[in-house]
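Peer 1: A predicted structure for the sequence below; I have some questions about it.
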Amino acid sequence: MVGITKRFPGIVANDDIHLTVKQGEIHALLGENGAGKSTLMNVLFGLYQPEEGEIKIKNKKVTITGPTVANKLGIGMVHQHFMLVQPFTVTENIILGDERTSSGFIDYKKAEKEIQQLSDQYGLKVDPRAKASEISVGMQQRVEILKTLYRGADILIFDEPTAVLTPQEIEELIEIMRNLIKEGKTIIFITHKLKEIMSVCDRVTVIRRGKVIDTVNVADTDENELAALMVGREVSFEVNKEEAKPGEKVLEVKSLVVEDHRGIHVVDGLELEVRAGEVVGIAGVDGNGQSELIEAITGLMPVKDGLIQLNGKKINILGTRKIIEAGVGHIPEDRHKRGLVLDFSISENMVLQTYYKPPFSKGLIMQYREVDKYATRLIEEYDVRTPSQQTLARSLSGGNQQKAIIAREIDRNPNLLIAAQPTRGLDVGAIEFIHQRIIEHRDKGKAVLLVSFELDEILKLSDRIAVIYEGKIIGWVDPKTTTEEELGLLMAGRSKKEG
Amino acid sequence: MLTNILQTTVLYSTPLILAAMGGLFSERSGVVNIGLEGLMTMGAFIAAITSLSTGNPWIGLIAAMIAGVILALPHAVAAITFKADQVVIGVAINFLALGLSVYLVKFMYDAGQTPTVQKKLEAVAIPGLSKIPILGPSIFQASPFTYIAIVVVILSYIILYKTTFGMRLRAVGEHPHAAETAGISVIAMRYTAVLISGALAAIGGACLSISIGSEFNQGTVAGQGFIALAALIFGKWNPFGALGAATFFGFAVALSLMGQLIGLSKYVPSEVLSMLPYVLTIIALASFVGRAVAPSALGKPFEKGSR
Amino acid sequence: AGCSTSQQGGGNDKNAGFKLGLVTDTGGLNDQSFNQISWEGAKRAEKELKVDIKALESKRDEDYVPNLTKFAREKRDIIWATGFKFEKPIPEVADQFPKVHFGIVDSNLGGKVPKNVIAVTFKEHEGSFLAGVAAALTTKSNKIGYIGGISSPLIKKFESGFRAGVQAANPKAQVQVAYAESFTDVTKGRSLAKNMYNGGVDVIFHASGGVGKGLFDEVKTREKGKFWAIGVDMDQSALAPDHTLTSMVKRVDTAIFNITKDLKDKKLEAGKHLDLGFKEDALGLADSKHMSDDVKKKVEEFKQKIIKGEIKVPKDENELKSFK
Amino acid sequence: MIIGSIAMQVAGYNPFAAYQALFVGSLFQAFDLGETIRTTTPLILTGLAVAIAFRTGLFNIGVEGQMIVAQLASLLVGIKLNLPPVLHMIVAVLVGGIAGAIWGFIPGFLKAVRGVNEVIICIMMNFIALYLSNVLVRNWLSEQGTDSTPKIPESASLRVDFLSEMFDSSRVHLGIIIALIMAFVMYILLWKTKRGYELRAVGYNPSAAEYAGINVKRNIILSMVISGFFAGLAGAGELLGTQGYMAIQSAFTGIGFDGIAVALLGANTPIGVILAALLFGVLTYGSQNMEHVAQVPPELIRVVVAAIIFFVAANISGILLGAVKKKRRAKES
Ligand SMILES: Nc1ncnc2c1ncn2[C@@H]1O[C@H](COP(=O)(O)OP(=O)(O)OP(=O)(O)O)[C@@H](O)[C@H]1O
Ligand SMILES: Nc1ncnc2c1ncn2[C@@H]1O[C@H](COP(=O)(O)OP(=O)(O)OP(=O)(O)O)[C@@H](O)[C@H]1O
Ligand SMILES: [Mg+2]
Ligand SMILES: [Mg+2]
């Protein structure tokens, strides 16, 4: 890609970018949120037309006017946000747009067979008949990869594929990427996780504010240098924290049972307690009841059986409003679905749980001036980058959206803060900031329940780690004495002793 | 009596089914269509005047389809290209169709209705099948429109679920960006769907003016487009579902008419009997049909590159 | 519609002659019913009496008052309002314009007719009675049908008269009654007719506006000479020439013409209710080749009896119960 | 407009005269102006009703039915209760609003509790209201032998002499004041109150509202109830101000359906709704005059209205897009 410039109203997302990717390599793209990585790849995939610059493939100049052209040129893309049609089966999703028909009808049988073959060839385990809405995130990712392979892509673009994966799934994905290279493919890999870059990539290009900073060989660099290149300053990976001083029991969960809409016990006799002044991390593979546990505690899902106590008071019959008032803060795992009203201003979002209380309202009337004042303070304190507090939440970048949520939840000073995947998809700078805030909250003597698929994050932040498996806590570990390997085994359902 | 009920059911539901199938295509592609009423009106009008001028109702039928497509075009342009609110555009289509057709009738005939269409598409018995007791006289001795409706439902099902076109159409209605990245032109698919919608709804209207009735006036469609829309939603945006819902509605009307004919109106006012189909529909929805999931992208204009 | 007005109405204000205005109800000028027939009467007045005529169509019930007012402000000499829906607006506007004459068709204004209003009603029950006689004498199966539009007192009046006529001429015959609760739903009209004919009915009378078109659509598909429809308001035989037994005709045009003429010639004082019937030749059965001479003779006999007052035709359900 | 002109030209009418007739006939004489305002009044209220529901993510296509039951209820209060003048009117208006609210409650309740699509229920409720009013008027409320009910007494009427006189004895009535007040109420309700905050949150993102402890179901029901109340006021105004009685109806008035277009043309904002309703009022009432003076059939005005909606609707999105772009530019700089 030579001299690519892509402008959006008011911003140059890509500014004279030169990117050379060699055949057969895994080339990483690194940059802060909003640096322009996705934009560049969308240009390569033909979704955007650049204002300037040209694209050459095998030294031949090409014009990519749309995804179809990109496909023909052997370019496939796995998008940052999954592009799966939820009610469709895996097979339908894969063949969409490149269907092979026999006498006018789609030949599902043949397609299924082909997909099975492809997935065996590259070690991608998928069930061709499953519905996209019912498969795990990891499998959705593999379906996205299969989509590109099915179209015979040679150059694969992975836009932040690991942001939503569990460590096991990331391992698998990295294995898959290695297989693909062996089969002669070329990969462009976007990620915020430096460790992944170090482990699989050959070269890395760092982008900052739409400009290329540098392209380096992975062998010649280290994580600290990359982080500095990308953010433009030193970044510390360590979380500085004191020893925890656990106090009173804040949250107590006893033999909790939660049923999902199919009537399956997704949380099944779970026991848990979190004390004031400590961070309890919950480690586990996705789908073992983490989400349901949180939704049950926060009153978003009915409790089938068992007890949830907050500061010794039973809360599992209360509604969400009462639970919030009892002192629960919640950073939800899906910021777009739960965390924000995207069409509200930042201001309005900042008082999502407190709008009805003084000073934000008096009697029946909202006091928007107070709301704005409050929002302005939070925006400043939590470094939310936005032109004003009146900006719609929709137009913020993911990182800043997350910061806004964290500001809101922590500033309410809850006795129990539940943080679910608090740093998903964020760049290292933002992660550093958020981690500090969570620890500060703990140090104020509050309880924190952290749910994350990032073992790193869990190990760094937690004072105690509970491992969840099939809806139960199957073991507790001390982050200071355990290793990622040990944790991984536990998460796979093996008890400590067997391991 | 059963035969009577079934005959009325078939008679009543045929135009509803056709219009609902029209709505199906449009809405499955993600474009809300509350303009069904207007499309039916235009279909009824054009079918009547072409049948009158050519003396051949089949030409009337085809002309109605073409008119439906032409009327659906501004709908498509406004809703897809200009990303206007789809509901408003549907309302505008209804205004346009009713205003234009009634105006033209007055202009052409100096009357509030077209003259009577003499050569119509009346019931045709299918040899053999029409002799089956009960079912025969109701289903196999019906208007060509009824057969067309049944064929359209089956074809819609096949197209939607078995062909490339249908799969792409559904993808566009559920997740247009996914479709776009798969190399499908969302715009082209939606245009096609809205135009098909116009053709089918117009046939539904034509059924009213050149088969069941024999003229067009401003009361010819009178709300049936909205009932068809309801049937589409009631049938959960599925061809057979919509067929079932439209038939259910026709059946309820048949029951209410039958109620009068057996003398129930001595005890129950006939207005109350006429309410029956609407009340039954609500009861059915509230008690067992329940939640219907609309195509996810329904009503949302598609913008390239956004998410 | 509008275009016809422009050519025929002229709208020449300098013309000091007699001016007529006609406001339709929501059915519009070309409803093939009383609005249209009234307009025919006005047109006749234009031709024969050189009256200046103009019409306004109402789209909604709310339009009645402004439309009447418009004509009143133009100082039209007589403003006709067609339909019972004007029974409230007419007194209201008439009160404001005491110098202008108004006429209303199909309502007696509850007996309280203002000084400047002429209320005209028709004895539809008597006409329907004759339709009943014709049906009763034509049926072979002794099963007769009646399809009503919306069950309102006026339409019930048709039903009562019709049923009384059937009863008088052929006590063995049964009348099946149904209301579509609509004036436009052709499908309902057709379904009702289909069900009735399937059930053995062979003559059906309707008073249901557009719904009745469905009756003619249905009867046309059936055996000639065996299944019959009876039209209403005007001669509807064109809709199904071989199947229309007759029609119960209501001569609104004649009434409008005559009253306008009398007003113009100052032969009539306003502030009256005129209930028109056979005597005024305001009602009757349309001539039809399908009615046998016998039937025609019987119909004429009954008509005379009604004129003479020997038969009092019931106007509603209660009167029907005590009929004979 | 232009499309309308072309159509007229083709049909041999004089478009200039027609439009002149349209505007002169609706605005330039006190009486006509009064009648135009009278036509606009219910459109403002039905437009607001639709807009409020839209703001909460609901499509209230049942305004038509809500108006009918409101008319019935106001009528009952008008003719069956005996109250002192002003109080009688107030009670009749409120009861009408409440009846509309109840009619809106049913689809709202079924939506919230059973997940049934409100559009179907609303469509069905419209027809039920129509038949219900007919059966009651015919069997219970009508004067002997007629198709309509008695008129409401003066004490319940919204018509006041000074207004009528101001507009040359047209039927403009206090409903317009109610409508304007309600537009203001909608503004306050949605953008100034806690309840409005909740309603909008639920409209934009029910999951987030639930997360924040807002009772989503209650707000869905409430939204339909409020929307129905506004529609009910429209019905009450029509009955107590314009008509004064009810007659057996053969079809819907269409004011409720027009409300959908009014709401969306007005971008679901109170001011927008007032302006859009006025446009509709002018076109609707003026079209009668167009027929009277220029002999252009009023149906043609429907075509013009459709064309206007097309352009405005397509344009509004253009304006919005422009605004979003500007915001983003502001943000970046
Ligand atoms: N469709 C769009 N319209 C307007 N501006 C856009 C659009 N897409 C991206 N941008 C702008 O382009 C810049 C680059 O965005 P891009 O999505 O490429 O970032 P990124 O590097 O992929 O970030 P992340 O790490 O968060 O995925 C952003 O600052 C954003 O403001
Ligand atoms: N269609 C759009 N309209 C406005 N801004 C956009 C659009 N698409 C992208 N952006 C902007 O692009 C920037 C980065 O986009 P990107 O999707 O990469 O964000 P992100 O931080 O990765 O968010 P997410 O958490 O959703 O992955 C943001 O500033 C966002 O506001
Ligand atoms: Mg990105
Ligand atoms: Mg991102």
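Peer 2: Arrived safely, thanks for sending. Ligands and ions are numbered 1, 2, ... in the order given.

Peer 1: wait, what's in contact with residue 246?
Peer 2: Since you didn't name a chain, this refers to chain A. Contact analysis of A:Pro246 by C-beta atoms under 8 Å, 6 or more residues apart in numbering or on different chains lists A:275-278, A:463. (Each C-beta comes from the backbone N, C-alpha and C, glycine too.)

Peer 1: switch to chain D, that's the one I care about
Peer 2: D:71-72, D:75, D:133, D:137, D:141, D:148-149, D:239.

Peer 1: low-confidence stretches in the stretch 1-150 of chain B?
Peer 2: Within the stretch 1-150 of chain B, the stretches with pLDDT under 70 are B:134, B:136, B:138.

Peer 1: tell me which element the residue of it at minimum distance from ligand 1 falls in.
Peer 2: With C-beta to the nearest ligand atom, the shortest gap between the stretch 1-150 of chain B and ligand 1 falls at B:Lys83, namely 15.1 Å. Assessed by DSSP states H and E, B:Lys83 sits outside every helix and strand.

Peer 1: burial of residue 170, as a residue count?
Peer 2: Since you didn't name a chain, this refers to chain A. Residues lying near A:Ile170 (other C-beta atoms under 10 Å in any protein chain shown) number 23.

Peer 1: not quite, go with chain D.
Peer 2: Applying other C-beta under 10 Å, we find 24 residues neighbouring D:Ser170.

Peer 1: just confirm it is within a strand.
Peer 2: No. According to DSSP: H, G, I helix; E, B strand; the rest coil, D:Ser170 belongs to no strand; its state is coil.

Peer 1: pretty sure the residue of the stretch 1-150 of chain B closest to ligand 1 contacts B:Arg190?
Peer 2: No. B:Lys83 is beyond contact range of B:Arg190, at 11.1 Å (criterion: C-beta atoms under 8 Å).

Peer 1: hey, what's in contact with both of those two?
Peer 2: Common neighbours of B:Lys83 and B:Arg190 (C-beta under 8 Å, 6+ apart) are B:Phe302.

Peer 1: which one's more surrounded, the two?
Peer 2: When neighbours are counted by other C-beta under 10 Å, B:Lys83 and B:Arg190 differ, and B:Arg190 comes out ahead with 25 against 18.

Peer 1: please report phi then psi for that one.
Peer 2: With angles defined as degrees, to the nearest 10, B:Arg190 sits at phi -70, psi -40.

Peer 1: my read: A:Lys241 touches A:Ile438, true?
Peer 2: No. Here A:Lys241 lies out of contact with A:Ile438, judged by C-beta under 8 Å, at a distance of 9.6 Å.

Peer 1: any common contacting residues for these two?
Peer 2: Common contacts of A:Lys241 and A:Ile438 (C-beta under 8 Å, 6+ apart): A:Leu461.

Peer 1: quick one: which of these two has more around it?
Peer 2: A:Ile438 (23 against 17).

Peer 1: ok, the more buried one touching A:Leu417?
Peer 2: Yes. Here A:Ile438 reaches A:Leu417: they are 7.4 Å apart, a contact under C-beta under 8 Å.

Peer 1: mutual contacts of those two, please.
Peer 2: Shared contacts of A:Ile438 and A:Leu417 (C-beta under 8 Å, 6+ apart): A:410, A:448.

Peer 1: show me the contacts for A:Gln168.
Peer 2: Shown in contact with A:Gln168 (C-beta under 8 Å, 6+ apart): A:138, A:285, A:488, A:491-492.

Peer 1: out of those, which are inside helices?
Peer 2: The helices, defined by DSSP state H, take in A:138, A:488, A:491 from these.

Peer 1: how about whatever helix or strand B:Ile283 lives in, which residues are buried there?
Peer 2: Per DSSP H and E: B:Ile283 is located in helix B:270-284. Using 16 or more other C-beta atoms under 10 Å in any protein chain shown as the test for burial, helix B:270-284 gives B:270-282, B:284.

Peer 1: does anything pack onto that helix? Which helices or strands?
Peer 2: Helices and strands touching helix B:270-284, by 3 or more C-beta pairs under 8 Å, 6 or more residues apart in numbering or on different chains; DSSP states H and E, are helix B:224-234, helix B:239-261, strand C:174-179, helix D:118-136.

Peer 1: how far does stretch D:191-207 sit from its chain's centre?
Peer 2: Taking C-alpha atoms, centre = their mean, to the nearest Å, one finds the center of stretch D:191-207 at 23 Å from the center of the full chain.

Peer 1: what about that stretch, near chain A?
Peer 2: Yes. Counting by C-beta under 8 Å from any C-beta of the partner chain, chain A is contacted by stretch D:191-207 at D:192-198, D:200-201, D:204-205, D:207.

Peer 1: and that stretch, what's buried?
Peer 2: Neighbour counts over stretch D:191-207 (16+ other C-beta under 10 Å) mark D:192-207 as buried.

Peer 1: biggest separation within those, which pair?
Peer 2: D:Lys192 and D:Ser207 (25.1 Å; C-beta to C-beta).

Peer 1: please enumerate the helices of the stretch 251-400 of chain A.
Peer 2: Remark: helices assigned in the stretch 251-400 of chain A by DSSP state H, counting those that start in this stretch are A:290-297, A:320-325, A:346-350, A:368-381, A:398-411.

Peer 1: of those helices, which stretch is the most buried?
Peer 2: The highest average neighbour count among the helices of the stretch 251-400 of chain A, using mean count of other C-beta atoms under 10 Å in any protein chain shown, belongs to helix A:346-350 at a mean of 26.

Peer 1: before we move on, back to that, helices - which of the contacts of D:Met246 land there?
Peer 2: Judged by DSSP H, the contacts of D:Met246 include D:71-72, D:75, D:133 as members of helices.

Peer 1: now for the closest residue to B:Ile126 other than its chain neighbours, how many residues are close by?
Peer 2: Distances taken as C-beta to C-beta, 6 or more residues apart in numbering or on different chains place B:Phe140 nearest to B:Ile126, at 4.4 Å, with adjacent residues excluded. Residue crowding around B:Phe140 was assessed by other C-beta under 10 Å; the count is 19.

Peer 1: cool, and the one 10 residues further on?
Peer 2: One way to gauge burial is a neighbour count; for B:Ile150, by other C-beta under 10 Å, it gives 16.

Peer 1: quick check: which element contains B:Thr14?
Peer 2: Element membership for B:Thr14 (DSSP H and E) is helix B:2-28.

Peer 1: how about B:His75?
Peer 2: Using DSSP H and E, the element containing B:His75 is helix B:57-76.

Peer 1: neighbours of the closest residue to C:Asn35 other than its chain neighbours, how many?
Peer 2: Nearest residue to C:Asn35, sequence neighbours excluded (C-beta to C-beta, 6+ apart): C:Thr24, at 4.3 Å. Look at C:Thr24: counted by other C-beta under 10 Å, it has 30 neighbours.

Peer 1: do D:Phe311 as well
Peer 2: For D:Phe311, the neighbour count with other C-beta under 10 Å is 17.

Peer 1: can I take it that it is in a helix?
Peer 2: Yes. Assessed by three-state DSSP, D:Phe311 belongs to a helix.
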